[in-house]
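In: Structure for this input, please:
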Amino acid sequence: MASVAFDTLKFARTLRDKAQLSPEQAEGFAVAVSEAVQGDLATRTDLQTLDTGLRNEMQTLRTELKNDMQTLRTELKNDMQTLRTELKNDMQTLRTELKSELRESESRLETKLERQRSEIVKWMFGTIGFQTLIILGAVIALVRVIRP
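Out: Numbers count the residues shown, from 1 in each chain. Now for the predicted structure:
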């Protein structure tokens, strides 16, 4: 920070003449204000330097943020591709397992159908045989009745 020209004598006289302070009080105020002003005021150059520094820092942060975003974007794309590949593999495995289970179910159903078919054939032949016996019995009974 640069120093600023401050006329303490003129300030002390003004306090003494217009505020009607004692010369000691006026000088004390002048010295206090001078020290405060000398230590805390920023010049235009100070502000421009600060502005330039802040702008450079903001540009650096902007660049870092863009780089970080690009890195995250790349990582996200890679993660998504990995997930897609894993999902495709899992789906293929599931598809294979389902086909296998379907074939097993189909085979069990065919076996059950074959058993049912043989049961139906047994019942049909049994029924036909029984009906044949009944018809033969009826024919024989009719023949005996007709031929006494």
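
In: going on from the lowest-mean-pLDDT helix or strand in the chain, what's the next piece of helix or strand?
Out: Each helix and strand of the chain was given a mean pLDDT (mean pLDDT, DSSP states H and E); the minimum falls on helix 23-40 at a mean of 77. Note on helix 23-40: by DSSP states H and E, the next helix or strand toward the C-terminus is helix 44-146.

In: what is the mean pLDDT for that next one?
Out: What helix 44-146 shows for mean pLDDT is 94.

In: Point to the residue nearest the middle of this structure.
Out: Centroid-nearest residue in the chain: residue 76, 10.3 Å away (criterion: CA atoms, centre = their mean).

In: Which neighbouring elements make contact with the least confident helix or strand of the chain?
Out: With contacts taken as 3 or more CB pairs under 8 Å, 6 or more residues apart in numbering; DSSP states H and E, helix 23-40 sits against helix 8-18. All C-beta atoms are positioned from the backbone trio N, CA, C, and that covers glycine.
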